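A.B. asks: only the shape, not the letters, is given here:
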């Protein structure tokens, strides 16, 4: 899938509007530098270390924890992204734990540029009838407005979401 | 708190109008949502989208039994157990039985209006289970021992000072009225509950027939927690929540959050298909789906079937001049506002709810706001007709209507009535408990009919 620059630009714009912090990186070295800039070196970090991009991203990190439940930050490559809504997509395919994007207070999502879909329709066309157990579209950090409709960022899910398009 | 019923709507509403804090809170909240909603709609073609959404919902209602069968088959294939519950009592009993069989002690619960409809919490607590509401708004009202007053913002009637005092009293924390601080207190208190709960109970916004999936739109993350952290997940939803396929979802993803909270999209949209399978690291090990009927398969055959298109966005209540003034509790049952008037009379029967049909000015703002084109105004009128035919009109109203009917049928009687009204107006002004005549303009000295050339 070749994704043109205007789709990437739209994705970054909409993601930023949803209160995510967006970044771009060219190649493994820039990705590693970005991640060490975003996640402080003394934070307990969870990274699945399965994909090449995850390995590259976490190369500069030192404090790994084996489970996401006790981590302060998760760094992971996500399944897809959607430009129309600025969403990233976490799916349970290939044994991925979708909760890794939920329990830690800080989520760093790596999005390969060729997996950004232009619209919601394009995305759902990709899973016709047999979706994996869990597909979660994430648009910005967790939030509530349950007290006097005052927006508060960071309820039960992450209070900070960083997205790096590679 | 005293339980309010729909039959007490007039007294409930009169009390609500006197409650300054409530009116202030309602005005702030509905104004804020209203502004955000119109801003969010600017990025889409609302009228084209609602046509499309309405057609999809009608397609499901026209073939509901077939779609339910397809959904049940597909969800079962994906590893879920699907249960059909004819009424609230049987839904509660099914859920209690599943919990007992799994030796559950504590349940973490996500927001579900259907569980409010069945009074699930009260039933489970009576059976000895601990039930913790985890949506911030629901958590607040559970601590306060109240019921939701809005289907999306359950604690819309409470201001920050009231929430601050409630947390200080019930959770033993220092008083704060900063929503930021109060939210963090709830996060901390509930995190432990998520991790130790034996089961999670949630609702669902949609069920997808083609794939057997459940779809949940959430913002806080508690919906994701209760559906994926505990080993057992029970979802309760009503039978009409079906969409044909995942390809229909984008239309509703564009409409529902915009109509509900004025967001382009909620923070999370979860699509859950079956239980945890071989090789998965996500998902409840056991998933039960309880489909509640509670009269809906009859409603879908009747002349108010379009009510079941409703996707529970709350837009109709936010624009309703009556709801905005009296708030949700006055309606006395699970669903308030225009959709609540229709749904309450349909689901609980006229005998339990007839005063509600007056809770509308018939201004039609709800019709314009509805993202699936439910003709609410027409349906409220239909319920008024039903009230008369079922004999639930107040005696003074039916007597007055009968007299008026006789008068308009006879020009002689009518003009006599006009004269009578003119002569006795100053006397008439003093009758009627609510000073009804006093609020009307004085009749003309000479009626219009006699001034015609």
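C.D. replies: Arrived safely, thanks for sending. Keep in mind that this is a model prediction, so the values were computed, not measured.

A.B. asks: need the strands for chain A, in chain order.
C.D. replies: Along chain A, counting by DSSP state E, strands occupy A:21-24, A:45-46, A:73-77, A:80-82, A:87-91, A:106-111, A:116-117, A:134-138, A:143-144, A:152-153, A:160-165.

A.B. asks: repeat that for chain B.
C.D. replies: B:80-85, B:106-109, B:130-133, B:199-202, B:206-208, B:213-218, B:232-238, B:242-243, B:268-272, B:286-292.

A.B. asks: re the thing from before, would you format the strands of chain A as JSON lines with mean neighbour count and mean pLDDT included?
C.D. replies: Just so you know, the C-beta spots here come from the backbone N, C-alpha and C atoms, and that holds for glycine as well. Below are the strands of chain A laid out as JSON lines (neighbours: other Cβ atoms under 10 Å in any protein chain shown; pLDDT from 0 to 100):
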{"stretch": "strand A:21-24", "mean neighbour count": "17", "mean pLDDT": "97"}
{"stretch": "strand A:45-46", "mean neighbour count": "24", "mean pLDDT": "94"}
{"stretch": "strand A:73-77", "mean neighbour count": "25", "mean pLDDT": "97"}
{"stretch": "strand A:80-82", "mean neighbour count": "25", "mean pLDDT": "97"}
{"stretch": "strand A:87-91", "mean neighbour count": "25", "mean pLDDT": "97"}
{"stretch": "strand A:106-111", "mean neighbour count": "24", "mean pLDDT": "98"}
{"stretch": "strand A:116-117", "mean neighbour count": "23", "mean pLDDT": "96"}
{"stretch": "strand A:134-138", "mean neighbour count": "28", "mean pLDDT": "98"}
{"stretch": "strand A:143-144", "mean neighbour count": "26", "mean pLDDT": "94"}
{"stretch": "strand A:152-153", "mean neighbour count": "20", "mean pLDDT": "94"}
{"stretch": "strand A:160-165", "mean neighbour count": "22", "mean pLDDT": "98"}
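
A.B. asks: need those strands in a markdown table with distance to chain B, can you?
C.D. replies: Listed next are the strands of chain A as a markdown table, based on distance: least, Cβ to the nearest Cβ, whole Å:
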| stretch | distance to chain B |
| --- | --- |
| strand A:21-24 | 15 |
| strand A:45-46 | 13 |
| strand A:73-77 | 12 |
| strand A:80-82 | 9 |
| strand A:87-91 | 7 |
| strand A:106-111 | 11 |
| strand A:116-117 | 11 |
| strand A:134-138 | 4 |
| strand A:143-144 | 5 |
| strand A:152-153 | 4 |
| strand A:160-165 | 9 |
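
A.B. asks: wait, which of the strands of chain B is closest to residue B:422?
C.D. replies: The closest of these to residue B:422 is strand B:232-238. By Cβ to Cβ, the value is 54.8 Å.

A.B. asks: mind listing the strands that closest one pairs with, and their directions?
C.D. replies: Strand B:232-238 pairs in its sheet with strand B:199-202 (parallel), strand B:286-292 (parallel), by DSSP bridges.

A.B. asks: pick the most deeply packed of those strands.
C.D. replies: strand B:199-202 (a mean of 28; mean count of other Cβ atoms under 10 Å in any protein chain shown).

A.B. asks: neighbouring contacts of that strand?
C.D. replies: B:95, B:99, B:102, B:104, B:106-112, B:115, B:120, B:131, B:216, B:223, B:225-236, B:284 (Cβ atoms under 8 Å, 6 or more residues apart in numbering or on different chains).

A.B. asks: would you map the helices across chain A?
C.D. replies: Assigned by DSSP state H, the helices in chain A fall at A:5-17, A:27-38, A:52-57, A:120-125.

A.B. asks: contacting residues around residue 61?
C.D. replies: Here I'm looking at chain A. A:35, A:36, A:39, A:41, A:45, A:47, A:75.

A.B. asks: actually chain B
C.D. replies: B:240, B:300, B:305, B:306, B:308, B:309.

A.B. asks: just to check, the fourth one is in contact with residue B:376?
C.D. replies: No - at 9.3 Å, residue B:306 and residue B:376 do not qualify as touching, with contact defined as Cβ atoms under 8 Å.

A.B. asks: point to the residue nearest the middle of the chain.
C.D. replies: Looking at chain A here, since you left the chain open. residue A:109 (2.5 Å; Cα atoms, centre = their mean).

A.B. asks: please go with chain B instead
C.D. replies: So for chain B, Cα atoms, centre = their mean, it's residue B:335, sitting 3.4 Å from the centre.

A.B. asks: good, wrapping up.
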